[in-house]
Structure formats: C-alpha cells, structure tokens
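K.L.:
Give me a 3D structure for the following:
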Amino acid sequence: MLLRLLSDTHMPSYLEELWPQAQDLLKRADLILHAGDVLGIQVVDSLAELAPVLVALGNNDSPLIEEDCRPSQSTF
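P.N.:
Numbers count the residues shown, from 1 in each chain. A predicted model of the protein is given here:
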C-alpha cells in the first residue's frame with residue numbers, strides 16, 4: 001500500500017485544482033492523508049479524485065471545512 005502525506009496546502013480559493021506537480025505524485029497513492037490546514041474543500045475534492053482521503057483539520061481550518069467533508073472522505 002502506498003500512502004502519501006501532505007499538509008498545509010493553503011490553496012487559494014480561486015484555484016479549483018491541485019497543482020499539476022502534486023497531482024502527479026498523488027495519483028499513484030492508495031491512500032492520501034492530509035494533515036491539516038486544508039483551507040478549502042476544493043483541495044479535498046481534488047484529492048478524492050485521485051485516491052481515498054483521510055483529513056485531519058488544522059488550526060487554520062474553519063468549521064465549514066469539517067461540515068463540507070462528504071461521505072467519501074473522512075475527517076478525524
């Protein structure tokens with residue numbers, strides 16, 4: 001099983017997709033772990049298109065991110 005871990009994406013809300021370099025690395029993952037400071041649900045949605053995602057909320061994530069996580073993603 002290949003796990004990929006990332007954090008602190010701080011992706012601006014005007015971007016709808018992850019950067020191509022990140023997508024290339026993450027698309028081979030069996031599971032993606034995001035360790036917080038997602039800042040936008042579009043990050044989780046982009047990751048979920050590549051592999052299953054587990055998300056830990058960071059100190060910069062608003063409660064709205066937790067509410068927006070869909071059943072295909074997990075938040076802990």
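
K.L.:
from what I can see Leu2 touches Ala29, true?
P.N.:
Yes - with contact defined as CB atoms under 8 Å, Leu2 reaches Ala29; the gap is 5.4 Å. Bear in mind the C-beta positions are built from the backbone N, C-alpha and C, glycine included.

K.L.:
which of the two has more neighbours?
P.N.:
Just comparing Leu2 and Ala29: by other CB atoms under 10 Å the higher neighbour count belongs to Ala29, 19 against 10.

K.L.:
And for the more buried one, nearest residue in space, chain neighbours not counted?
P.N.:
In space, Ala29 comes closest to Arg4 once its chain neighbours are excluded; the distance is 4.0 Å by CB to CB, 6 or more residues apart in numbering.

K.L.:
Show me what the strand or helix carrying that neighbour packs onto, helices and strands only.
P.N.:
Of the helices and strands defined by DSSP states H and E, Arg4 is found in strand 3-6. Using 3 or more CB pairs under 8 Å, 6 or more residues apart in numbering; DSSP states H and E as the contact criterion, the secondary-structure elements in contact with strand 3-6 are helix 20-26, strand 31-34.

K.L.:
what about 7 Å?
P.N.:
With contacts taken as 3 or more CB pairs under 7 Å, 6 or more residues apart in numbering; DSSP states H and E, strand 3-6 sits against strand 31-34.
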